[in-house]
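J.: requesting a structural model of the entry that follows:
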Amino acid sequence: MRQHLRLALPPLSCLTLESPLAFAIVEGDGRLVRAGQLPLQQLGEQAGARPVYAVLYGDDAVVTTITVPPVPASRLNAAVIGSIEPMALSDLMQLCIAHGKRAPDGKVNVAWTNRRPLQDAWSLLAKAGLNIVAFVPHQLALPVNDPDPERPLGLPAGPRWLAPLPGWSLAIDALRPASGLGRWRKALAWSAVAAAIWVLGLNWYAAQLKGQAEALRQSMQHAVAQAFPQIPVIIDPVRQAQQQRDALRLSQGTATDDDFMALAQATAQVLDFAQGHVLAMHYDKGVLTLTLTEGYTAPANEAALAQAASVRQLFLEKDPAQAHVWHARRAGVTDTDTGRS
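T.: Predicted coordinates for the structure are as follows:
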């Protein structure tokens with residue numbers, strides 16, 4: 001037991017914030033450090049963070065010893081309650097009951113007090129800032145063979161204040177006053193769980209976006225590498241593709257409708273069904289050759305496809321010898337111009 005404060009309570013029904021209370025600060029080895037008397041409302045500062053053992057007024061608790069037959073530890077409380085029921089003068093639901101361990105001979109020390117006054121007193125003590133860890137019946141807070149067991153603890157503090165205290169008390173959790181934090185603890189806990197799930201969801205979504213971005217980057221690098229094989233290392237595919245396009249345009253002078261980019265854009269507008277299915281692209285002498293992957297759906301009305309190409313001054317044809325290969329050129333470019341027979 002570490003350093004603590006022992007407090008002598010008046011009758012619970014008389015306790016107020018102005019009540020003068022005798023106290024003693026006791027070291028863990030049982031030595032008296034300091035004693036005095038202060039109004040309850042000032043005791044919080046005196047106690048600080050020390051645990052407080054409140055000694056009940058003599059008449060506020062009934063203490064007795066009962067005999068309990070051998071029972072499992074989980075059923076000891078029920079056995080104690082059953083044993084004291086004939087002895088209690090009040091409804092058991094209105095009592096606060098506590099007990100110690102069962103001795104080898106079956107003896108059990110038990111105490112009880114009225115539930116409501118104890119609960120109200122505990123709330124008042126907590127309001128004063130006291131950290132109550134035990135409510136000890138007067139009879140159990142005195143030395144063995146005390147010459148005057150009926151006399152309350154008072155000043156000056158002497159050996160009567162320093163007796164070993166039992167390891168149990170009437171400070172049961174069911175009566176513990178709810179602090180401001182206690183009332184919100186459950187809500188705060190659920191908020192923390194929700195925040196953790198939200199963070200995990202964000203991390204998962206970020207990882208998913210990162211994977212998609214990496215796949216897109218690799219796809220762009222692959223497309224640029226196929227279109228411009230002369231680029232040794234692709235770091236920024238968009239910028240490098242733009243630079244290569246500009247370089248091609250500058251090397252050939254002013255852009256015309258027969259340039260690769262203009263032809264590719266017009267072809268993409270006509271062959272919109274090929275979107276996402278372009279496996280390879282080749283441009284030579286005004287002819288753009290597209291090799292498509294399987295899985296696309298070509299238009300059933302080839303006349304409509306030819307008309308759409310004609311509107312854009314294109315000539316489209318499907319390679320007669322190779323599946324999934326299409327050729328596009330400007331309407332004015334002939335096979336002789338391209339070198340195709």
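
J.: which elements pack onto the helix or strand containing Ile132?
T.: Assigned by DSSP states H and E, Ile132 belongs to strand 131-136. Based on contacts counted as 3 or more C-beta pairs under 8 Å, 6 or more residues apart in numbering; DSSP states H and E, the elements that strand 131-136 packs against are strand 51-55, helix 115-127. To be clear about C-beta, it is placed using only N, CA and C from the backbone, and glycine gets the same treatment.

J.: pick the most buried one from the ones you listed.
T.: Most buried of these, by mean neighbour count (mean count of other C-beta atoms under 10 Å): strand 51-55, with a mean of 23.

J.: tell me the mean pLDDT over it?
T.: Averaging pLDDT along strand 51-55 gives 95.

J.: before we move on, what about stretch 103-115?
T.: Stretch 103-115 comes out with an average pLDDT of 94.

J.: can I get it in CSV, CA atoms only?
T.: Backbone C-alpha positions of stretch 103-115 (Å, rounded to 0.1, in the frame of the first residue of the first chain) are rendered in CSV as follows:
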residue,chain,number,x,y,z
ALA,A,103,-11.4,-18.5,5.7
PRO,A,104,-10.4,-22.2,5.9
ASP,A,105,-12.9,-22.6,8.7
GLY,A,106,-15.7,-21.1,6.6
LYS,A,107,-15.8,-17.7,8.4
VAL,A,108,-16.4,-14.7,6.2
ASN,A,109,-16.3,-11.1,7.4
VAL,A,110,-19.2,-9.2,5.9
ALA,A,111,-20.5,-5.6,6.1
TRP,A,112,-23.5,-3.7,4.8
THR,A,113,-24.8,-0.1,4.8
ASN,A,114,-27.7,1.8,3.2
ARG,A,115,-27.1,2.1,-0.5
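
J.: just to revisit the earlier point, touching the strand holding Ile132 from outside, list them.
T.: Strand 131-136 is contacted from outside by 4, 47, 49-56, 113, 118, 122, 125-126, 165-166, 169-171, using C-beta atoms under 8 Å, 6 or more residues apart in numbering.

J.: and the angle for it with strand 51-55?
T.: What separates the directions of strand 131-136 and strand 51-55 is an angle of 30 degrees, with axes from the mean of the first three to the mean of the last three C-alpha atoms, to 10 degrees.

J.: list the buried residues for strand 131-136?
T.: Judged by neighbour count using 16 or more other C-beta atoms under 10 Å, the buried positions of strand 131-136 are 132, 134-136.

J.: helix/strand/coil for Ala22?
T.: Reduced to three states with DSSP: H, G, I helix; E, B strand; the rest coil, the structure at Ala22 is strand.

J.: I'd like to know which elements the helix or strand following the strand holding Ile132 is packed against.
T.: For strand 131-136, the following helix or strand on the C-terminal side (DSSP H and E) is helix 180-227. In terms of contacts (3+ C-beta pairs under 8 Å, 6+ apart), helix 180-227 is packed against helix 237-251, strand 278-284.

J.: where in the stretch 151-300 of the chain is pLDDT low?
T.: Under the criterion of pLDDT under 70, the regions of the stretch 151-300 of the chain flagged as low confidence span 179-188, 249-259.

J.: got the buried residues for stretch 68-77?
T.: Of the residues in stretch 68-77, those buried by neighbour count under the rule 16+ other C-beta under 10 Å are 68, 76.

J.: what lies in contact with stretch 151-162?
T.: Stretch 151-162 is touched from outside by 6, 8, 22, 24, 26, 30-32, 35-37, 55, 57-58, 138, 141-143, 146, with contacts defined as C-beta under 8 Å, 6+ apart.

J.: can you say which of these are buried?
T.: Buried positions within the contacts of stretch 151-162, assessed by neighbour count (16+ other C-beta under 10 Å), are 6, 8, 22, 24, 26, 35, 55, 57-58, 138, 141-142.

J.: for Met220, find the nearest of the helices and strands packed on helix 180-227.
T.: Between Met220 and the helices and strands packed on helix 180-227, the shortest separation by C-beta to C-beta is 4.1 Å, and it involves helix 237-251.

J.: make JSON lines out of the helices and strands packed on helix 180-227 and add distance to Pro299.
T.: Output for these, formatted as JSON lines (distance: least, C-beta to C-beta, whole Å):
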{"stretch": "helix 237-251", "distance to Pro299": "29"}
{"stretch": "strand 278-284", "distance to Pro299": "17"}
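
J.: quick revisit: minimum pLDDT in the buried ones among the contacts of stretch 151-162, which residue is that?
T.: pLDDT across the buried ones among the contacts of stretch 151-162 is at its lowest for Gly58, which sits at 91.

J.: now do the contacts for it.
T.: Taking C-beta under 8 Å, 6+ apart as the contact definition, Gly58 lies against 138-139, 150, 152.
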